[in-house]
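K.L.:
Fold the following.
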Amino acid sequence: MGNFIIFVLIVAYGGGVWKFWNGFGRTNFNPSLTNRIGLSLLWPALFITNPSYRRNFKKALKG
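P.N.:
This next block holds a predicted model:
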């Protein structure tokens, strides 16, 4: 059961990275490669702590 939960969390994290990466052009962030990589990889922590990032993340997912 523990392995299943870890697998689900990894899939959810990877899905978030993929969706944000593909929708990055719809956000207000500076379109540099380092921003794109950093913001994509840190999405769970930024989504929880930063309201501005949360709005932009939702914009990226709407595509």
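K.L.:
got the residue ranges for the strands in this protein?
P.N.:
Counting by DSSP state E, the chain has no strands to list.
K.L.:
Low-confidence ranges, it, go.
P.N.:
Applying pLDDT under 70 to the chain flags residues 63.
K.L.:
In space, not sequence, find me the middle residue of it.
P.N.:
What sits nearest the mean C-alpha location of the chain, by Cα atoms, centre = their mean, is Trp43, with 3.9 Å.
K.L.:
which residues touch that residue?
P.N.:
By Cβ atoms under 8 Å, 6 or more residues apart in numbering, the contact set of Trp43 is 16-17, 20, 53, 57. For glycine as for every other residue, the C-beta is placed from the backbone atoms N, C-alpha and C.
K.L.:
mind checking how far the longest helix belonging to the chain is from the chain centre?
P.N.:
Longest helix of the chain, by residue count under DSSP state H: helix 2-23. Offset of helix 2-23 from its chain centre (Cα atoms, centre = their mean, to the nearest Å): 10 Å.
K.L.:
Over to stretch 15-35?
P.N.:
The chain centroid and the centroid of stretch 15-35 are separated by 8 Å, computed with Cα atoms, centre = their mean.
K.L.:
Quote the end-to-end distance of it.
P.N.:
Start and end residues of stretch 15-35 are separated by 18 Å (Cα to Cα, to the nearest Å).
K.L.:
Phi and psi next, for Leu42.
P.N.:
The phi/psi pair for Leu42 (degrees, to the nearest 10) reads phi -100, psi 10.
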